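with the sequence up front, the predicted model follows.
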Amino acid sequence: MAHLARLTADRSHLWWDNSLTPELRIAPGDTVELEVQDASGGQIARDDGADAVGRLDFAAVNPCTGPVYVEGAEPGDELVVTILDIATDRWGWTANIPGFGLLADDFPDPRLQISEVAGNVVRLPTGVEIAARPMIGTIGVAPRAAGQTPLLVPTEAGGNMDIPQLGVGARLHLPVRVAGALFSAGDNHAVQGDGEICGTGVETGATVRLQFDLVKDAGTAAPWYEHAARPAATDWVATTGIGPDLFAAAQAAARRGVELVARTGLEPIDAYLLLSLVGELRISEIVDAPNWVVSLHIPARHTAGARS
């Protein structure tokens, strides 16, 4: 009979490793509540300033709660994780971390924004309000390879994928690589845009409720997921980057987006952080060699009066 189990945030780890001792054992069909820390692992507090960003110990970021052992899961099976609920903390942080992010060379100085999360709204310290869209940034199972793999690096078994669509109602399919799957999750965001261009969303602690199912001998090669479409904004403005290098094209689209949003009166660094929360970075074309097209879609209300 299916039952509800729970793990608190102190039952966490800082790397993927298939030799970790399970913190919980469940059966297929069970539901689990995981309490997870924010991505800093408590290093950033609600009343901190930008100096806290410089003190971040990257060896301690992205703690994940788990691992959870799923009875009967064997290599070659598929673990199906349905996200039933995400209850975030009432505040979160977004940072520009020197040397990190799509436009790291453009914005070398630390910046920290503490936002309030109330109901379905995230209120940024710049006065901008955006719709909350809670999601799980790091979610996966232990990889096949022995040894420690950093949590910041996604693997063929999931991990720090930062997929905004992995919110309530989504169903994630993960390839089982080791006996029991050894599932873990963390790095919750109150909202994040596709691409997470500055390197952070609205990072927050949360309690997530998940249901686990198992498909035997599925032969799944990599994570895949089902999700509902995001409600469309009334209008969108999209910038482009075009060239033979996808990363450089993404940078070009992001720089143009920062310029458009900054025309509303925000400082460029704050425009950059906002685009990490609401921008949708997409590959629009990758078949007409030698140049590819990347576009950054921005809700038009954040570029009001900014059209050239």
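Cool, got the structure.

bridging residues for residue 209?
Taking DSSP bridges as the rule, residue 209 bridges to residue 33, residue 85.

my read: it touches residue 32, true?
Yes. Residue 209 lies in contact with residue 32 (C-beta atoms under 8 Å); the separation is 7.4 Å. For every residue, glycine as well, the C-beta is placed using N, CA and C.

these two: which is more packed in?
Higher neighbour count among residue 209 and residue 32: residue 32, with 24 against 17, using other C-beta atoms under 10 Å.

and residue 256, which helix or strand is it part of?
Assessed by DSSP states H and E, residue 256 sits inside helix 246-262.

tell me what that helix is packed against?
Counting contacts by 3 or more C-beta pairs under 8 Å, 6 or more residues apart in numbering; DSSP states H and E, helix 246-262 packs against strand 236-243, helix 268-278, strand 280-285, strand 292-299.

and if we set it to 6 Å?
Packing contacts for helix 246-262, counted by 3 or more C-beta pairs under 6 Å, 6 or more residues apart in numbering; DSSP states H and E, involve strand 236-243, helix 268-278, strand 292-299.

among the ones you listed, show me which one is buried the most.
With neighbours defined as mean count of other C-beta atoms under 10 Å, these peak in mean count at helix 268-278, which reaches a mean of 24.

state the mean pLDDT of that one.
Helix 268-278 shows a mean pLDDT of 98.

quick one: low-confidence parts of the chain?
By pLDDT under 70, the weakly predicted segments of the chain are 1-2, 231-234, 304-308.

about what we covered before: need the contact partners of the helix holding residue 256.
With contacts defined as C-beta atoms under 6 Å, 6 or more residues apart in numbering, helix 246-262 is touched by 102-103, 197, 239-241, 243, 268, 271-272, 275, 292, 294-296, 298, 302-303, 306.

repeat that for 8 Å
102-103, 106, 195, 197, 237, 239-243, 268, 271-272, 274-275, 279, 281, 283, 286, 292-296, 298, 302-303, 306-308 (C-beta atoms under 8 Å, 6 or more residues apart in numbering).

possible to save the helices and strands packed on helix 246-262 as CSV with distance to residue 90?
Converted to CSV, the helices and strands packed on helix 246-262 look like this (distance: least, C-beta to C-beta, whole Å):
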stretch, distance to residue 90
strand 236-243, 30
helix 268-278, 17
strand 292-299, 24
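
rewinding a little: and the angle for the helix holding residue 256 with strand 280-285?
130 degrees (axes from the mean of the first three to the mean of the last three C-alpha atoms, to 10 degrees).

so residue 122 belongs to a strand, correct?
Yes. Residue 122 sits within a strand when classified using DSSP: H, G, I helix; E, B strand; the rest coil.

near it, how many other residues are there?
28.
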